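have a look; sequence and predicted model below, questions after that.
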Amino acid sequence: MRLAAYGHVDMTSVWTFAGALVLPPALAVLLCVVVLGYAWIRHERHSGMRAYRQVFGAAVVIASCLTSRLVLNLFTTGIDESAQAFRAIFAVVVAMLVYATVNFVVLFLAIYLAVRPVKLGDLLENRQDVTLEFATLCLGGLTALALAYQPLWSVLVVPPLFVLQRSVLTKQLEIAATTDAKTGLLNAAAWQHMAQRELARAHREHESAALLIIDMDNFKLVNDTHGHIAGDAVLRAVADSLVHELRQYDAIGRFGGEEFVAVLCGVDELTAVGISERVRQQIQLLQVAAPVQGQPPMTGLSASIGISCYPEHGAELEDLLHAADSALYAAKRAGRNRVVVCPL
């Protein structure tokens, strides 16, 4: 399964997997070529995807189809009216697992060889993609069983497929509308909405909270020395560092330029300072690969961090932002690369 640009959702596994189960191998391969070729002509080429990548993807799908069909034949001679229903269903489930495994293993090896090191968990991090792939394979298996036993029933697969695709597209649009394109963090508007919700929850549950503004020091020098592409790489690296150091449920966003913000619920001033120091130190340790091959990685990065606390520095988000911004400028005036808490 592949999610392409412009909101297109590739759910071709429904048809390629069903074809692998009910068609002769040669026709199954032809179906893969036709379906994936049409998908590339219709959607992928407009997103800038190179043809060789589509060819490789098609080869992986074909290998998955042929392997799953081989496994299917080990359990039954095929899916037809003569096969026992339970045995056919079991064979389809096993073939589905094999299809997904071959697809995943080959893609993992290709990515590992191209951009090593890559962690196995990174490919499984997006649970929505994994769940969607499983759902499309289930629909493909149901389509194959319907074609084998009652061909007219296969029409019933189309409505849930349509609804599934629309729901995924809607989710993609929501993510695109709330995500900063360069860093993958919340954009300013989405972060403010999330931060207000977190502060409201802190108020209801009588908890403390801390607001952090993290601003990169001398970031203009990075752009002037290495170029804006390198600057974007630094922003992504800093964003990844924030995601790694902060909790999964903390509201983290890019506020604009080289400035990041975060709201930490259930955190008092002392804890906020400790977390901020850890973030600052991790940014100092970053080694960001240069965009031009052969150049040394970019090092020596630093950030200044301003902290305000709820409810000591205000009950409203605007008040906390103003207080943290004042602390940030105090950190800049004091020599940068430090953490400062807004005084009461």
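Happy to help now that I have it. Just so it is clear, the structure is predicted and the values come from calculations on it, not from any experiment.

contacts and neighbour counts: CA atoms only from here.
Fine.

helices and strands around the lengthiest helix in the chain, which ones?
Ordering each helix of the chain by length in residues (DSSP state H) puts helix 85-115 first. Under the contact criterion of 3 or more C-alpha pairs under 8 Å, 6 or more residues apart in numbering; DSSP states H and E, helix 85-115 touches helix 13-22, helix 51-75, helix 127-149.

quick check: can you list the domain ranges of the chain?
Here the domain parsing of the chain from automatic domain parsing is 2-178, 188-341.

measure the last one end to end?
By C-alpha to C-alpha, to the nearest Å, the extent of domain 188-341 from end to end equals 22 Å.

wait, Thr76 touches Ala88, no?
Yes - applying C-alpha atoms under 8 Å, one finds Thr76 in contact with Ala88, separated by 7.1 Å.

the two - which one has more neighbours?
Ala88 (21 against 16; other C-alpha atoms under 10 Å).

per-residue pLDDT, the more buried one?
You'll see Ala88 listed with a pLDDT of 77.

then Ile79?
For Ile79, the predicted pLDDT is 56.

what does the one 5 residues further on give?
As predicted, Gln84 sits at a pLDDT of 67.

can you check Ala239 too?
For Ala239, the model assigns a pLDDT of 95.

report the secondary structure state of the spatially closest residue to it that is not a sequence neighbour.
Leaving aside its sequence neighbours, Ala239 sits nearest to Thr183 (C-alpha to C-alpha, 6 or more residues apart in numbering; 5.9 Å). With DSSP: H, G, I helix; E, B strand; the rest coil as the basis, Thr183 sits in coil.

tell me the most buried of the helices and strands packed on helix 85-115?
Across the helices and strands packed on helix 85-115, averaging neighbours per residue (mean count of other C-alpha atoms under 10 Å) puts helix 13-22 on top, at a mean of 26.

pretty sure Arg236 sits against Ala181.
No - using C-alpha under 8 Å, Arg236 makes no contact with Ala181, being 9.9 Å away.

between the two, who's got more neighbours?
A side-by-side neighbour count of Arg236 and Ala181, using other C-alpha under 10 Å, places Arg236 first with 18 against 13.

may I see the buried residues of the host helix or strand of that one?
Per DSSP states H and E: Arg236 is located in helix 228-245. For helix 228-245, burial by neighbour count (16 or more other C-alpha atoms under 10 Å) applies to 230-239, 241-243.

start to end distance for stretch 237-254?
First-to-last residue span, stretch 237-254, C-alpha to C-alpha: 13 Å.

which residues does that stretch contact?
Here stretch 237-254 makes contact (C-alpha atoms under 8 Å, 6 or more residues apart in numbering) with 180, 183-188, 191, 194-195, 198, 260-265, 275, 278-279, 282-283, 286, 288.

filter those to the buried ones?
Applying 16+ other C-alpha under 10 Å to the contacts of stretch 237-254 flags 180, 183-188, 191, 194-195, 198, 260-265, 275, 279, 282-283, 286, 288 as buried.

show me the shaky parts of the protein.
1-10, 43-52, 77-85, 114-128 (pLDDT under 70).

distance check, Ala148 against Pro296.
Taking C-alpha to C-alpha as the measure, Ala148 falls 60 Å from Pro296.

could you do Arg166 as well?
From Arg166 to Pro296 the distance is 45 Å (C-alpha to C-alpha).

okay, the two: which has more neighbours?
Neighbours were tallied for Arg166 and for Pro296 using other C-alpha under 10 Å; the higher tally belongs to Arg166 (15 against 12).

may I ask which helix or strand encompasses that one?
Per DSSP H and E: helix 158-178 holds Arg166.

buried residues in that helix?
Those would be Leu161, Leu164, Gln165, Val168, Leu169, Gln172, Thr178, for helix 158-178 by 16+ other C-alpha under 10 Å.

contacts for whatever helix or strand comes next after that helix next, please.
Following helix 158-178 in sequence order, the next helix or strand is helix 188-204 (DSSP H and E). Helix 188-204 is contacted from outside by 178-179, 208-209, 251-256, 263, 265-266, 310, 315-317, using C-alpha under 8 Å, 6+ apart.

hmm, 10 Å instead?
175, 177-180, 185-186, 205-211, 249-256, 260-266, 310-311, 315-318 (C-alpha atoms under 10 Å, 6 or more residues apart in numbering).

circling back: let me see the contact set for the residue nearest to Ala239.
The contact partners of Thr183, by C-alpha under 10 Å, 6+ apart, come to Asp232, Ala233, Val234, Leu235, Arg236, Ala237, Val238, Ala239, Asp240, Gly253, Arg254.
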